[in-house]
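[1] Would you be able to build a 3D model of this:
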Amino acid sequence: MKKIISYFLLALILKLSTACRPHVSLSGATIPIEAKTISVLYFENNSSLAPPSLSQRFTERLRDMVSQQTNLALLSKNGDLQFEGFISDYNVNPVAIQSNDQVGQNRLTVSVTVKYSNKFEISKNFEQTFTRFADFDATKNLASLETELLTEINRQLTEDIFNRAFNNW
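    Purely as a prediction, here's the structure:
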């Protein structure tokens with residue numbers, strides 16, 4: 001009888017210890033084990049200077065990242081975990097002046113305000129603005145470089161957002 005009780009207690013302890021453990025994906029992300037779905041709402045462009053395609057490209061990049069880095073089902077809305085927000089800033093400023101008072105480098109900066117909601121771990125919820133930039137030679141036309149620069153900025157922004165939500169960075 002004591003042996004049966006010992007086995008039962010051992011099984012109960014093992015069950016409880018694994019049930020409370022968060023799920024870790026292949027990317028190293030910590031995701032609540034109860035979470036099965038995620039939604040990434042469309043990030044509207046609230047910046048007057050950003051190209052019209054930036055919202056769509058950013059939203060798709062974030063959706064792709066969570067689809068590739070987690071095993072959560074992507075929903076259009078009301079996921080167990082949810083991202084929403086907007087493009088809050090897009091600007092170009094000179095950052096390097098050459099010796100003859102001419103601009104040598106310009107900086108393209110993009111900011112995204114993100115609200116992350118986690119139905120199972122409310123302490124992980126956040127609202128934060130993420131900013132990234134890329135510098136380019138001032139003698140080059142931004143229009144000819146914009147797609148390439150925005151691809152890199154979007155990659156960096158989505159990595160920052162993903163890491164903040166799932167790796168607590």
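[2] which residues of the chain fall in strands?
    23-24, 30-31, 37-40, 44-45, 73-75, 81-97, 103-118, 126-137 (DSSP state E).
[3] tilt between the longest one and strand 103-118?
    Which is strand 81-97. 170 degrees (axes from the mean of the first three to the mean of the last three C-alpha atoms, to 10 degrees).
[4] Partner strands of strand 81-97 and their direction?
    strand 37-40 (parallel), strand 44-45 (parallel), strand 103-118 (antiparallel) (DSSP bridges).
[5] do the same with the second one
    When pairing is defined by DSSP bridges, strand 30-31 lines up against strand 23-24 (antiparallel).
[6] before we move on, back to that, tell me the most buried of the strands paired with strand 81-97?
    strand 37-40 (a mean of 20; mean count of other C-beta atoms under 10 Å). For every residue, glycine as well, the C-beta is placed using N, CA and C.
[7] what separates that one from the chain centre, distance-wise?
    12 Å (C-alpha atoms, centre = their mean, to the nearest Å).
[8] Over to stretch 113-120?
    11 Å.
[9] Please apply the same query to stretch 91-111.
    27 Å.
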